[in-house]
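Q: Give me coordinates for this.
(chains A and B)
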Amino acid sequence: MPGRELAYWQAHVEALHQEMQRDPTVIVMGEDVAGGAGRTDKGIIDAWGGPFGTTRGLIKEFGADRVRDTPISETAFIGAAVGAAMAGYRPWVELMYAHFIGVCLDQLLNNAARAHRILGSEHKVKVPIVVKTWLHVEGILYAIFTHIPGLKVVAPSSPYTVKGLLISSIRDDNPVIFCDNLALLRMKGEVPEEPYTIPIGKADVKKEGKDITLVGMSNMTNVCMQAAEKLEKDGINAEVIDLLSLSPLDEDTILASVRRTKHLVVVDEDYPRCSVAKDIAAVVADKAFDYLDAPIKTVNSPHAVPPYNRFLEHLYPPNPEKVAEAARSILR
Amino acid sequence: MAVSLVMPMLGDVMEKGTVSRWFKTEGEWVEKGTPIFEVTTDKITYEVEAVDAGVLKQVTPVGQVVPVGGLVGYLLAKGEPVPAVSTAEAPAAVAKAPLKEPEPAPAHAVEARVKASPAARRAAVEHKVDLSQVVGTGPEGRITEDDVIKFVEASGKAKAAPPGGKTIALTGIRKAVAERMWQSLHTMAQLTIAMEVDMTDAVKLRERLISLWEKAENVRVTYTDLIIKAVAMALKEHPLLNSTIAGDELHLLEDINVGMAVAIEGGLIVPVVHHADKKGLLDIAKETKVLAEKARSGDLSLNDVSRGTFTVTTLGVHDVEIFTPIVNPPEVAVLGVGRLVEKPVVYKGEIARRMMMYLSLSFDHRAMDGVPAAAFLRRVKEILERPELIYLFEKR
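A: Alright, predicted model coming up:
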């Protein structure tokens, strides 16, 4: 019997809802997460739940104390959430778009990621904060988050993985950057009703294959799956790995796959220089060098400021054809 | 100042050569212009002369394969120490290749390095395989792990053959032929078509030409000569057959140089009649006579075996009717000549005794399709069936 289908955003709301029910220390903060609702003095009870509906219905059930609209100052509210986490809460805080990181990098780099070291282990400091952020062409920025030790970084690729990773992130005692991708918002898929977790730091072999390994993350996993279909028509049997966690990196799964297929293409929407794709390429070149039958290929967006023109914007990120072409180029 | 002795580039497709003999011993004084060492390639044996005088320091032992441009030895001034390899000057072109302007030999050993993936190199070490023996099927001809495994399996099968019997090592020209033919079939899409030719008139013409020229010119025209001439004429009208493939490009070649395969001790060699389209039948006959003699005595020059654009090969004298000759790379086609035999055939409405012969054309399907290949073969047939055509178009 086929399971229940949900859209990505619905799975996202459900996971938050279930975790808030389970644990009273889970709180939600961010711009427009309540959308002005909760002001009973003004008669507003429920509202749209953030710009993409992923916190819809939460304020009605959990109240304005646990679902907090914040002023438009990422410096202030991410800083406040870090403090709340150190004080015993499990904040889910929304940095609306990844490229807003500029104004709260200090809170992430110097506070959240380093609290353990600065305050010492005798205080048993935990910072169980989840900073959720939307990725889109304007700024993917996996590399900036992944570069910082002390932060975990996850990137779901489907309704099923958003729910599982969201729950795991909230339950994790370390700061987690939760990368949501706008391209996935309306994607549908089977999602179990009961809460479940997906381990952070473990990649998923989404499709087994023998000729080449395609590694994707977030929506690029779906691009890889489409590329794999194209390649199948050329008689190329591709394996697709959904990274799910960018940090920590599941080297074992990638290396085991490459040792079998001897060919690797890593697909990453982020800018190419110092990207997660290049990082994985370096890991494989280092640890599976003797198993490679061809140079490692990476498919990124161009190393250029994202275009404003919508036609150019469409051409900018990796797509299935670019990925298939990269694969063919190393398989002949 | 030390002069480096390097493996000379003795032809367009030469990649490596074997130092087959040292004429001078280690430490011996070598005069300028005297032969120092002998190089054997898949085509020829060549003596390399000293461009300068000096004391010989051998680096490469006899029998070793060296890539073009690779270091073979030094000529040193008296008392001069052997230079450290890293500081050795760019190898001077020692050999004066007689046929073409010396192309800059690749100076770096890196370029001569076999292209193989890391996985293939690991597999090669595991299975003790010499990568230079493996043909790569990956992008840019890179050897992949699969290529090594298949090579091991293939040689494993060979080794698994029942013991006993006699083992013959594939060396020298036999090895060269083996590699070249194997490479040909692994890099091209070859197929063969055949046509039967009525040679009755050609037989008569040849008899007449023998009676004319045997005493006066001291040459007996052969069927191969007639066929080379007919092929050269047909190639001029069908340039696709006179071409070569380089990467994604097909080059139609200007010169028509027809090679003829000659069986020699232990192998085959293909001396070339250059500009066969511009030569008369008598000239071709005289030339092939000399070439065949030189081939059998091992006196072919580099020029004699270079720049072929098409090959004719004959098994007819051994009673073979039809066969599938293998294209001689980088050419794209080869014509196999079958046995000439008297047969009953329908000729002008009657059963008649005619001299019949099969021609087998193998070609690279990458370069052309069946129809142009057939058109070429039909033209060769037409010329041989009406050999007066040879004289209608004769320049002289």
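Q: Pull up the residues of chain A that are close to chain B.
A: For chain A, the residues in contact with chain B (CB under 8 Å from any CB of the partner chain) are A:262, A:289-294, A:329-332. For glycine as for every other residue, the C-beta is placed from the backbone atoms N, C-alpha and C.
Q: Report the buried residues of the helix or strand where B:Thr288 lies.
A: Here B:Thr288 sits within helix B:281-297, counting by DSSP states H and E. For helix B:281-297, burial by neighbour count (16 or more other CB atoms under 10 Å in any protein chain shown) applies to B:281-289, B:291-292, B:294-295.
Q: And the contacts of it?
A: B:209, B:213, B:217, B:219-222, B:224-226, B:228-229, B:260, B:262, B:264, B:269, B:271-273, B:276, B:279, B:300-301, B:304, B:390, B:394 (CB atoms under 8 Å, 6 or more residues apart in numbering or on different chains).
Q: Filter these down to the buried ones.
A: B:209, B:213, B:219, B:221-222, B:224-226, B:228-229, B:260, B:262, B:269, B:271-273, B:276, B:279, B:300, B:304, B:390.
Q: from the chain's centre, how far out does the helix or strand containing B:Gly17 sit?
A: B:Gly17 is part of strand B:16-22, with elements assigned from DSSP H and E. Here strand B:16-22 is found 18 Å from its chain centre; the criterion is CA atoms, centre = their mean, to the nearest Å.
Q: Same check on stretch B:140-149?
A: Relative to the chain's own centre, stretch B:140-149 is displaced by 25 Å; criterion: CA atoms, centre = their mean.
Q: Ends of that stretch, what's the gap?
A: 19 Å (CA to CA, to the nearest Å).
Q: which residues touch the spatially most central residue of chain A?
A: Central residue of chain A (CA atoms, centre = their mean): A:Ala155, 2.0 Å from the mean position. Contacts for A:Ala155 (CB under 8 Å, 6+ apart) come out as A:135, A:142, A:179, A:181, A:217-218, A:243-246.
Q: among those, who's most crowded?
A: For those, the largest neighbour count, defined by other CB atoms under 10 Å in any protein chain shown, is 31 neighbours, found at A:Met217.
Q: What pLDDT does the model give the nearest residue to it once chain neighbours are set aside?
A: Using CB to CB, 6 or more residues apart in numbering or on different chains and skipping the chain neighbours, the partner closest in space to A:Met217 is A:Leu243 (4.0 Å). With respect to pLDDT, A:Leu243 scores 98.
Q: try B:Pro91
A: 43.
Q: B:Phe393 now?
A: B:Phe393 carries a pLDDT score of 60 in this model.
Q: pLDDT weak spots in the stretch 101-250 of chain B?
A: By pLDDT under 70, the low-scoring segments of the stretch 101-250 of chain B are B:101-112, B:157-164.
Q: again, 90 this time
A: Where the stretch 101-250 of chain B drops to pLDDT under 90, the residues are B:101-115, B:125-142, B:150-181, B:183, B:246-248.
Q: interface residues of it facing chain A?
A: Residues of the stretch 101-250 of chain B lying near chain A (CB under 8 Å from any CB): B:117-122, B:137-139, B:142, B:144-146.
Q: if we go to 10 Å?
A: Within reach of chain A by CB under 10 Å from any CB of the partner chain, the stretch 101-250 of chain B has these residues: B:116-123, B:125-126, B:137-140, B:142-147.
Q: Quick check: buried residues in the helix or strand of chain A with the lowest mean pLDDT?
A: Least confident helix or strand, chain A: helix A:115-119 with a mean of 84, by mean pLDDT, DSSP states H and E. Across helix A:115-119, burial judged by 16+ other CB under 10 Å covers A:115-116.
Q: In terms of secondary structure, what does that helix contact?
A: On a contact count with 3 or more CB pairs under 10 Å, 6 or more residues apart in numbering or on different chains; DSSP states H and E, helix A:115-119 meets helix A:74-86.
Q: can you give me the offset of the lengthiest strand in chain A from its chain's centre?
A: What stands out as the longest strand in chain A, according to DSSP state E, is strand A:90-97. Chain-centre distance of strand A:90-97: 13 Å, with CA atoms, centre = their mean.
Q: and that strand, which strands flank it?
A: Strand A:90-97 pairs in its sheet with strand A:26-30 (parallel), strand A:130-135 (parallel), by DSSP bridges.
Q: can you give me the helices for chain A?
A: For chain A, applying DSSP state H gives helices covering A:8-22, A:58-66, A:74-86, A:105-106, A:115-119, A:142-147, A:159-171, A:219-233, A:251-261, A:276-287, A:310-315, A:320-331.
Q: so where's the stretch 201-332 of chain A uncertain?
A: Using pLDDT under 90, the flagged stretches of the stretch 201-332 of chain A are A:308, A:310, A:313-314, A:332.
Q: Would you mind extracting the C-alpha trace of the helix holding B:Thr288 into PDB?
A: Taking C-alpha atoms only, helix B:281-297 is exported to PDB below (Å, rounded to 0.1, in the frame of the first residue of the first chain):
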ATOM      1  CA  LEU B 281      53.000   1.400 -65.700                       C
ATOM      2  CA  LEU B 282      56.600   0.800 -66.700                       C
ATOM      3  CA  ASP B 283      57.900   3.000 -64.000                       C
ATOM      4  CA  ILE B 284      55.700   1.300 -61.400                       C
ATOM      5  CA  ALA B 285      56.900  -2.100 -62.600                       C
ATOM      6  CA  LYS B 286      60.500  -1.100 -62.400                       C
ATOM      7  CA  GLU B 287      60.000   0.400 -58.900                       C
ATOM      8  CA  THR B 288      58.100  -2.600 -57.400                       C
ATOM      9  CA  LYS B 289      60.800  -4.900 -58.700                       C
ATOM     10  CA  VAL B 290      63.500  -2.900 -56.800                       C
ATOM     11  CA  LEU B 291      61.300  -2.500 -53.700                       C
ATOM     12  CA  ALA B 292      60.500  -6.300 -53.500                       C
ATOM     13  CA  GLU B 293      64.200  -7.100 -53.900                       C
ATOM     14  CA  LYS B 294      65.200  -4.600 -51.200                       C
ATOM     15  CA  ALA B 295      62.400  -5.900 -48.900                       C
ATOM     16  CA  ARG B 296      63.700  -9.500 -49.100                       C
ATOM     17  CA  SER B 297      67.300  -8.400 -48.600                       C
END
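Q: next structured bit after that helix?
A: strand B:310-314.
Q: Could I get the CA-only coordinates of that following strand as PDB?
A: C-alpha atoms of strand B:310-314 as PDB (Å, rounded to 0.1, in the frame of the first residue of the first chain):
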ATOM      1  CA  PHE B 310      46.700   2.900 -49.400                       C
ATOM      2  CA  THR B 311      47.900  -0.700 -49.400                       C
ATOM      3  CA  VAL B 312      47.600  -3.600 -51.800                       C
ATOM      4  CA  THR B 313      48.100  -7.100 -50.400                       C
ATOM      5  CA  THR B 314      48.100 -10.400 -52.300                       C
END
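Q: who does the following helix or strand past that strand pair up with?
A: Moving toward the C-terminus from strand B:310-314, the next helix or strand (DSSP H and E) is strand B:333-347. Counting by DSSP bridges, the strands paired with strand B:333-347 are strand B:310-314 (parallel), strand B:350-364 (antiparallel).
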